[in-house]
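> pasting the structure only:
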């Protein structure tokens, strides 16, 4: 087998899509009569600052001769990459051998690329060590993702699928013609095996991008046949081509267990803690609160639900000081950007000013350390009383809606969580 890894062909402003480039490479290989067993779409660390959108790297697994595969892939990258954008620095790495047999250090490199920040030199050193064929343009930062994609199959165990339909190139940059009703009907038909196709709360077709690139729509799910069937049910402008990808999307593989004291910018974590401040809505509609360990350690970490997370912010606003959580998300500039959280323990009572048992009016303070007294009836108590709280939250997991979900974040509907779930649709 030959493994063809590629990355960094697109541009925020000019478009293109690395999945499309990979699909084009695969198509050229098939025309040569060689088998293509799979296309791997590996989402890397979403906190990397130089990514375009989803930070995707691609690998093509083929029976083609390595030299032939390298020649075809290089031609396609040189032709399709948006190198007019100085921030686009494509890279290509080609390796001979089975995907499950890549060297330990290449597999480890893939895992690190999903959770850490790596340098170009990290990739080039490994490429040279193993004698892989390589090509790049610009500074060749894309070689990081290309090598990570080659090691991805061995490094990861949880896989999902995406079936992407592409537009005719003459339509790129024009409004997409996709029938909304058919998308919502197809999403209903495919759920829960197929997820994040639409956002019912926001009335949005999540599977249809807004960028000027070649994608018409992309359908994600746990079953390869189901994602294809949902795509087939969508009515739209003509589909120029389609491709099934095996991917780590929707797996939470970017999250690592962390703590409040050591959480660092540019990484994503699962962190346990106690709500230490009342949620505060700030300018722009963003909601913030602080999380603390609740132990002798006094470390605190600011957590935020930003405006694009929409109704998820109401879940955050419903938190109270003392609630125990597991918070998940990327840390940036000292703030954890929430992707989901689990309520482990809710505060169910609060200290309240007592009510007079005779007239049911709220008592008043009788003076410092003198308790409370009803001014009308003369009844009194030594201090505040415990009162039950009605909570809008239950224990379990809450998540951002599909319209705000990162590609790599795991939807609750996929299951496998350690507490009850409250999925968004």
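All right, it came through fine. Quick caveat, the model's predicted, so the values are computed rather than measured.
> by contact count, what packs against the longest strand belonging to the chain?
Using DSSP state E, we find that the single longest strand of the chain is strand 335-345. Using 3 or more CB pairs under 8 Å, 6 or more residues apart in numbering; DSSP states H and E, the elements in contact with strand 335-345 are strand 267-275, strand 300-305, helix 312-317, strand 324-332, strand 396-399. Heads up, the C-betas are built off the backbone N, CA and C, glycines and all.
> which one of those lies closest to residue 201?
Nearest of the helices and strands packed on strand 335-345 to residue 201, taken as CB to CB: helix 312-317 at 9.7 Å.
> may I see the buried residues of the closest one?
312-313, 315-316 (16 or more other CB atoms under 10 Å).
> wait, which of those is closest to residue 73?
residue 312 (40.3 Å).
> what's the closest non-adjacent residue to that closest one?
Spatial nearest neighbour of residue 312, excluding adjacent residues (CB to CB, 6 or more residues apart in numbering): residue 400 at 4.6 Å.
> quick one: residues contacting that neighbour.
Counting by CB atoms under 8 Å, 6 or more residues apart in numbering, residue 400 makes contact with 305, 309-310, 312, 338-340, 409, 424.
> separation between it and residue 252?
Going from residue 400 to residue 252 by CB to CB, to the nearest Å gives 13 Å.
> repeat for residue 342
12 Å.
> and residue 94, by the same measure?
30 Å.
> between the two, which one's more packed in?
Neighbours around residue 94 and residue 252, counted as other CB atoms under 10 Å, are more numerous at residue 94. The numbers are 27 against 20.
> what about the more buried one, distance to residue 370?
Taken as CB to CB, the span from residue 94 to residue 370 is 82 Å.
> where does the stretch 51-200 of the chain dip in pLDDT?
51-53, 83-86 (pLDDT under 70).
> so where do the helices sit in this protein?
Counting by DSSP state H, one finds helices in the chain at the ranges 18-31, 66-80, 104-115, 120-130, 142-155, 180-190, 224-232, 312-317.
> buried deepest among those, which one?
helix 142-155 (a mean of 29; mean count of other CB atoms under 10 Å).
> relative to helix 104-115, how tilted is that one?
Per axes from the mean of the first three to the mean of the last three CA atoms, to 10 degrees, the angle that helix 142-155 makes with helix 104-115 is 110 degrees.
> can you offset everything so residue one is 336?
Renumbered: residue one is now 336, and that last one reads helix 477-490.
> any idea how far residue 361 lies from residue 470?
18 Å.
> ignore what I typed, I meant residue 612.
52 Å.
> with neighbour numbers in mind, choose between those two.
residue 470 (20 against 15).
> find residues that contact each of residue 735 and residue 587.
The contact lists of residue 735 and residue 587 share residue 744, where a contact means CB under 8 Å, 6+ apart.
> can you redo the helices and strands packed on strand 670-680 as a markdown table with mean pLDDT and distance to residue 404?
Shown next, in a markdown table, are the helices and strands packed on strand 670-680 (pLDDT from 0 to 100; distance: least, CB to CB, whole Å):
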| stretch | mean pLDDT | distance to residue 404 |
| --- | --- | --- |
| strand 602-610 | 96 | 33 |
| strand 635-640 | 96 | 45 |
| helix 647-652 | 98 | 44 |
| strand 659-667 | 97 | 35 |
| strand 731-734 | 98 | 40 |
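> show me the beta-bridge partners of the closest residue in space to residue 660 that isn't next to it in sequence.
Nearest non-adjacent residue to residue 660, counting by CB to CB, 6+ apart: residue 676, 5.1 Å away. Under DSSP bridges, the beta-bridge partners of residue 676 are residue 662, residue 733.
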